[in-house]
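A.B. asks: Turn this into a structure:
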Amino acid sequence: MRSLTALLLLLSPIICAAACPDWPAERAESESRALQRQLAQWDDAYHRRGVALVDDEIYDQASRRLQDWQTCFGLKEVAAADALATAAGEVEHPVAQTGLEKLADEPAVAGWMAPRTGLWIQPKVDGVAVTLRYRNGELIQAVSRGDGARGHDWTAHARQIAAVPARLPNTDDVVLQGELYWKLEGHIQAKAGSAGARGTVAGAMARQALDAKTAGQIGLFVWDWPDGPDDMQARLDGLVAMGFAATAELTRPIGTFEQAQHWRDYWYRHPLPFASDGVVLRQGKRPDGRHWHAEPPQWAAAWKYPLRTAVARVRRVEFNIGRSGRITPVLQLEPVQLDDRRVSRVSMGSLARWRADDIQPDDQIAIALAGLTIPRYDGLVWRAGQRQLIEAPRPDAYNSMTCWQASPGCEQQFLARLVWLSGKKGLDMPQLGPGTWQLLVRAGVVNRLLDWLALDEAQLEKVPGIGPVDARTLAASFRLARARPFARWLQALGLPPSGDAALAENWNTLAAISVEQWQTEPGIGQTRARRLVTFFDSADVEALRERLHEAGIAGF
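C.D. replies: As a prediction, the model looks like this:
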C-alpha cells in the first residue's frame with residue numbers, strides 16, 4: 001500500500017549515516033529533487049492511471065532513499081513527495097481508509113507488540129484496497145482507496161466481479177474494507193514474488209470497461225469490518241456468516257513475537273491464493289470506524305517480508321577480463337541487505353548489456369537473488385542527475401590468444417590464465433588460487449605463464465607474504481604439476497575443444513593437423529577448426545611448448 005508512504009518512512013529508523021553519498025551540497029540538492037520528480041511520476045502513473053511502473057519494493061526503497069538524503073544533507077527545503085497528490089477521487093469514503101505503518105525490522109515488531117494485548121495477524125494481500133458499502137444487504141457503492149478520505153467510484157466494475165457479493169445474506173447496513181487481488185493458484189511468495197499481481201489488478205480497475213474474463217480473475221479479501229462488533233472473534237464470525245470465510249481462516253490470534261514470526265514465515269513459504277508482501281498485525285479491539293482517519297492508526301501495523309529486490313547505488317564500474325578475453329562489467333555497490341546476504345557487487349553479465357543500460361557511478365539499480373543465493377542485476381531504477389561517464393576496455397584488444405604475459409593492460413587476463421592453469425579443469429595444483437598467483441606476479445617472479453616451473457623453495461620464501469611452510473607446499477604443488485599427463489597440460493594451456501584428437505600423445509602430431517583434417521573430427525566445425533590451427537600456429541603458444549620441452553614435460 002503506497003498511501004502516506006512519506007509519513008510512514010519518517011516513522012521508520014533512519015540509517016543513512018554510513019550511506020551518505022560523497023556529494024557537495026549543490027549536487028545533493030539536485031539529486032534529491034530529481035528523485036522527488038521520479039517518485040511523483042511513479043505516483044501519478046499508479047494512482048491516476050492504475051499503472052505500476054515499478055514494484056512496491058522498489059518504490060518504498062526509493063522513497064526511503066529520498067528521506068535518507070534529506071537527513072544526510074539537511075535538505076529541509078526538498079519536501080517529501082506526496083504519494084497521493086493525484087489519487088483523490090470524487091467519492092467520499094463512509095469510513096476512512098487508514099493505511100499502515102511499516103515496521104522496519106524484528107526489534108520494531110517486538111517493540112510494537114510489547115504494550116499491546118489481544119493481537120491478531122493476517123497476510124498482507126498484495127492488491128488494491130477497496131471500500132464496499134451495503135444498504136439493506138445490497139451493494140450500493142464500491143470506492144477505491146484514493147487518498148484515504150476520497151476515492152474513485154468502482155461500483156460498476158465491482159458489480160461485474162463475482163468475488164464481490166451483490167447481496168449479503170442479512171439485510172443490515174454494512175461497510176467493509178478489503179483488497180481486490182489477482183487470483184494466483186498455489187502461489188508461494190518466497191519462490192514467485194508478487195509476479196506483478198498488484199499492477200495487474202490496478203490496471204484492470206482503471207480501465208473504462210472490465211471484461212468478463214478479467215473480472216473472473218479478481219478475488220476479494222475482506223480485512224476489516226469497521227462498523228462491526230467490538231470483539232475480533234465476533235467480527236470474524238459475522239464475516240463468515242456474510243460469506244467471507246477466508247478472512248477467518250487467515251486471521252490468527254497471537255500472543256508472542258515468536259508466534260507472529262511463525263505465521264509471517266509460514267505464509268511467506270506456503271501456498272496462498274494471492275500474492276502477499278508481508279503480514280498485518282492488528283489489535284482485536286480498536287475504535288469505532290467513525291473515529292478513523294486517513295493516516296496510519298495505532299492499532300494496526302505492517303511487517304513486510306524480506307526484500308526480494310533491493311535498490312543499490314553504484315559506487316564504481318569495473319571490468320573483469322577473463323582467460324578467453326571476454327570483458328564482464330562488475331558493479332561495485334553501496335552494500336545492501338537481501339534476505340540474509342549482504343551484497344556489495346553484482347555482475348552485469350556482458351559488455352553489451354552494460355552499454356545498452358548505460359550504468360554509471362551513482363546510478364541506482366535493482367538487484368535480486370537468483371536462486372535465492374547469487375546476486376543478479378535486475379535493471380536500472382533511476383539515473384544520477386550528474387553522470388561521470390566510464391570508458392570500457394576495447395573488446396578488440398582482447399581475445400583467446402592475447403595476454404600470455406603480465407604486460408600493461410594484461411594484468412587481469414594473465415591472472416585468469418594462471419588461475420585456469422592451476423584449477424580443477426587444468427593441472428589441479430593444490431594451494432594455488434588467485435591470491436597466491438597475485439603474490440607471485442607482484443613480486444616479479446612470474447611474468448610469463450610458465451615462469452613458476454623454475455621456482456624452488458628458497459626463491460618462494462623470498463616472496464613477500466609466503467613463509468617457509470607455504471613455500472614447501474607450493475614447491476610440492478609445482479612438482480605434482482610436472483607429472484600431469486599430456487592431455488591435462490593441453491587443457492591447462494587453453495587448447496580449444498578438440499574432440500578425440502586431443503588423445504594424441506604428442507604436440508607435433510596435433511600441430512600438423514590442418515583445418516580440413518580438424519573438421520573430420522566429430523563436433524568440430526569450420527570455426528572451431530580455425531581456432532585450433534590458430535592456437536598451434538601462435539608464436540606465444542610455441543614459446544610455451546619450447547619451455548615445456550626444456551622442462552622435460554611428456555608430450556612436448
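A.B. asks: which residue sits closest to residue 516, ignoring its sequence neighbours?
C.D. replies: residue 529 (7.7 Å; Cβ to Cβ, 6 or more residues apart in numbering). (C-beta placed from N, C-alpha, C; glycine too.)
A.B. asks: wait, doesn't the one you found sit right on residue 518?
C.D. replies: Yes - assessed by Cβ atoms under 8 Å, residue 529 is found in contact with residue 518 at 3.6 Å.
A.B. asks: ok, the closest residue to residue 242 other than its chain neighbours - how many residues close by?
C.D. replies: With sequence-adjacent residues excluded and distances taken as Cβ to Cβ, 6+ apart, residue 242 is closest to residue 168, at 5.0 Å. Per other Cβ atoms under 10 Å, the neighbour tally for residue 168 reads 19.
A.B. asks: Buried residues of stretch 155-166, list them for me.
C.D. replies: 155, 157, 158, 160, 161, 163, 164, 165 (16 or more other Cβ atoms under 10 Å).
A.B. asks: any weak-confidence spans in the protein?
C.D. replies: 1-19, 47-50, 76-88, 371-372, 501-503 (pLDDT under 70).
A.B. asks: per-domain residue ranges of it.
C.D. replies: Per automatic domain parsing, the structural domains of the chain span 5-73, 91-304, 309-389, 400-550.
A.B. asks: Let me have these in JSON lines, extended by distance to residue 556.
C.D. replies: Converted to JSON lines, the domains of the chain look like this (distance: least, Cβ to Cβ, whole Å):
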{"stretch": "domain 5-73", "distance to residue 556": "54"}
{"stretch": "domain 91-304", "distance to residue 556": "52"}
{"stretch": "domain 309-389", "distance to residue 556": "21"}
{"stretch": "domain 400-550", "distance to residue 556": "4"}
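A.B. asks: so residue 63 sits in a helix?
C.D. replies: Yes - note on residue 63: a helix contains this position according to DSSP: H, G, I helix; E, B strand; the rest coil.
A.B. asks: Please name the bridge partners of residue 314.
C.D. replies: Beta bridges link residue 314 to residue 333, judged by DSSP bridges.
A.B. asks: and it, what does it touch?
C.D. replies: Counting by Cβ atoms under 8 Å, 6 or more residues apart in numbering, residue 314 touches 331, 332, 333, 359, 360, 361, 362, 363, 364, 365.
A.B. asks: Run through who's touching whichever strand or helix holds residue 531.
C.D. replies: Per DSSP states H and E, residue 531 falls inside helix 526-537. Residues from elsewhere that reach helix 526-537 (Cβ under 8 Å, 6+ apart): 400-401, 494-498, 510-511, 513-516, 518-519, 524, 541.
A.B. asks: among these, which are in strands?
C.D. replies: Of these, none are assigned to strands by DSSP state E.
A.B. asks: And the residues you listed, which of them are buried?
C.D. replies: Buried residues within those, counting neighbours by 16+ other Cβ under 10 Å: 400, 401, 494, 495, 496, 498, 510, 511, 513, 518, 524, 541.
A.B. asks: Tabulate those residues in a markdown table, adding columns for distance to residue 317.
C.D. replies: Shown next, in a markdown table, are the buried ones among the contacts of helix 526-537 (distance: Cβ to Cβ, whole Å):
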| residue | distance to residue 317 |
| --- | --- |
| 400 | 24 |
| 401 | 27 |
| 494 | 27 |
| 495 | 33 |
| 496 | 31 |
| 498 | 36 |
| 510 | 41 |
| 511 | 41 |
| 513 | 42 |
| 518 | 39 |
| 524 | 38 |
| 541 | 33 |
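A.B. asks: Among the residues you listed, which ones are in helices?
C.D. replies: Using DSSP state H, the subset of those located in helices is 510, 511, 518, 541.
A.B. asks: ok, which pair from the residues you listed is furthest apart?
C.D. replies: Longest distance between any two of these is 15.8 Å, between 518 and 541; criterion Cβ to Cβ.
A.B. asks: and the residue nearest to residue 516, how many residues sit next to it?
C.D. replies: 21.
A.B. asks: ditto for the one 3 residues further on
C.D. replies: The local packing of residue 532 (other Cβ under 10 Å) involves 27 other residues.
A.B. asks: my guess is the residue nearest to residue 242 contacts residue 175, does it?
C.D. replies: No - with contact defined as Cβ under 8 Å, residue 168 does not count as touching residue 175 (11.6 Å).
A.B. asks: what do these two both touch?
C.D. replies: Residues touching both residue 168 and residue 175 by Cβ under 8 Å, 6+ apart: residue 134.
A.B. asks: helix, strand or coil for residue 441?
C.D. replies: Quick answer, by three-state DSSP: residue 441 is helix.
A.B. asks: ok, it touching residue 447?
C.D. replies: Yes - in this structure residue 441 lies within contact range of residue 447 using Cβ under 8 Å: 7.4 Å.
A.B. asks: Now the common contact residues for the two.
C.D. replies: Here residue 441 and residue 447 have residue 406 as joint contacts, going by Cβ under 8 Å, 6+ apart.
A.B. asks: the more surrounded of those two?
C.D. replies: Set residue 441 next to residue 447 and count neighbours by other Cβ under 10 Å: residue 441 wins out with 17 against 12.
A.B. asks: Setting aside sequence neighbours, what's the nearest residue to that one?
C.D. replies: For residue 441, ignoring the flanking residues on the chain, the nearest one in space by Cβ to Cβ, 6+ apart is residue 406 at 5.4 Å.
A.B. asks: Next, the buried residues of stretch 543-553.
C.D. replies: Those would be 544, 545, 547, 548, 553, for stretch 543-553 by 16+ other Cβ under 10 Å.
A.B. asks: Can you give the distance of that stretch from its chain's centre?
C.D. replies: The chain centre lies 49 Å from the centre of stretch 543-553; the measure is Cα atoms, centre = their mean, to the nearest Å.
A.B. asks: and what of stretch 426-441?
C.D. replies: Between the centre of stretch 426-441 and the centre of its chain there are 33 Å (Cα atoms, centre = their mean).
A.B. asks: got a list of contacts for it?
C.D. replies: Residues from elsewhere that reach stretch 426-441, judged by Cβ under 8 Å, 6+ apart: 406, 411, 414-415, 418-422, 446-447, 452, 455, 463-466, 470, 473-474, 476-478, 480-481, 484, 488-489, 491-492.
A.B. asks: Would you mind writing the PyMOL command to select the buried ones in the residues you listed?
C.D. replies: In PyMOL, this line selects whichever of the contacts of stretch 426-441 come out buried by 16+ other Cβ under 10 Å:
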select buried, resi 406+414+415+418+419+420+421+422+446+452+455+463+466+470+473+474+477+478+481+484+489+491+492
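A.B. asks: host element of the nearest residue in space to residue 370 that is not next to it in sequence?
C.D. replies: What sits nearest to residue 370 in space, not counting adjacent residues and going by Cβ to Cβ, 6+ apart, is residue 376, at 4.1 Å. Using DSSP H and E, residue 376 sits in strand 374-382.
A.B. asks: CA atoms only: put the helix or strand following that strand into CSV for me.
C.D. replies: Using DSSP H and E, the helix or strand that follows strand 374-382 towards the C-terminus is helix 411-422. Taking C-alpha atoms only, helix 411-422 is exported to CSV below (Å, rounded to 0.1, in the frame of the first residue of the first chain):
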residue,chain,number,x,y,z
GLU,A,411,47.0,-8.0,-15.7
GLN,A,412,43.5,-9.4,-15.4
GLN,A,413,43.6,-11.8,-18.4
PHE,A,414,47.0,-13.1,-17.5
LEU,A,415,45.9,-13.8,-13.9
ALA,A,416,42.8,-15.5,-15.2
ARG,A,417,45.1,-17.8,-17.4
LEU,A,418,47.2,-18.7,-14.3
VAL,A,419,44.1,-19.5,-12.2
TRP,A,420,42.7,-21.7,-15.0
LEU,A,421,46.1,-23.4,-15.4
SER,A,422,46.2,-24.4,-11.7
